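[1] My questions concern the predicted model and sequence given below.
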Amino acid sequence: MNKKLKIGCLAVLGILVVVAIGLYSWGKNSYNQMVTLDEGVKEKWSQVENVYQRRFDLIPNLVETVKGYAKQEKDTFTAVTEARAKAGGTFNISEEVLNNPEMFQKFQQAQSSLGNALQRLLVIQERYPELKSNENFLQLQSQLEGTENRIAVERRRFNEAAREYNVYIRIFPRSFLANLFGFDSRPYFAAAEGADQVPKVQF
């Protein structure tokens, strides 16, 4: 083998080594960033669950307080209790919900139903002036309103984290790595159907 051929082979080998190192470095950095963004989505998901759990825990006290003044509103109490029970079942699911759009939608629908039932419960106060001045009710109502605001904030933060993650894993050529290592897109929270219209509450 002549000297020029040896130099040529060494040059090609050197280029291949540099390319391999570059690809490895790029792949490692991309993978680590996917893991970081994925963990960010999971962390935001846990915050969403925390605020929904807080609302879930406030409901029995709120219902009992209202019952003391409005015992005849049985249909509303039943609706709230049933919606709470249905939403409670979704808290027993694991992070698997983030990988399963159907489970995610089920979670969202259950929480939406519970929110609608709570609106009906809170409207009752307009029919019972003594309830509107009850300190316990006012405190619970304030806590619930604060929790509802927190739910909106945490859902928005979750959507932002999910968007950042989804965009990152879908950009070429990282999409190949994402598919190779099983990084799937995360679902988004969406407005409930009919949320663009003012709700009508009738008793």
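    Arrived safely.
[2] Now residue 62. Nearest residue, chain neighbours left out?
    Closest residue to residue 62 apart from its sequence neighbours, by C-beta to C-beta, 6 or more residues apart in numbering: residue 140 at 4.7 Å. All C-beta atoms are positioned from the backbone trio N, CA, C, and that covers glycine.
[3] One more: residue 144?
    The spatially closest residue to residue 144, leaving aside those adjacent along the chain, is residue 58, at 5.5 Å (C-beta to C-beta, 6+ apart).
[4] correct me, but that neighbour touches residue 145?
    No - proximity of residue 58 to residue 145 does not meet the contact threshold set by C-beta atoms under 8 Å, at 10.4 Å.
[5] who's more crowded, these two?
    residue 58 (17 against 11; other C-beta atoms under 10 Å).
[6] Tell me which other helices or strands the helix or strand encompassing residue 169 touches.
    Element membership of residue 169 [criterion: DSSP states H and E] is helix 135-170. If you count contacts as 3 or more C-beta pairs under 8 Å, 6 or more residues apart in numbering; DSSP states H and E, helix 135-170 packs onto helix 3-67, helix 101-123, helix 174-181.
[7] Mind putting those into CSV with distance to residue 87 and mean pLDDT?
    Formatted as CSV, the helices and strands packed on helix 135-170 follow (distance: least, C-beta to C-beta, whole Å; pLDDT from 0 to 100):
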stretch, distance to residue 87, mean pLDDT
helix 3-67, 6, 84
helix 101-123, 4, 85
helix 174-181, 32, 86
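[8] Need the winner for burial among those helices.
    Of these, the one with the most neighbours on average (mean count of other C-beta atoms under 10 Å) is helix 101-123, at a mean of 18.
[9] got the angle between that helix and helix 3-67?
    Inter-element angle recorded for helix 101-123 and helix 3-67: 30 degrees (by axes from the mean of the first three to the mean of the last three C-alpha atoms, to 10 degrees).
[10] so how far is helix 101-123 from its chain's centroid?
    Here helix 101-123 is found 13 Å from its chain centre; the criterion is C-alpha atoms, centre = their mean, to the nearest Å.
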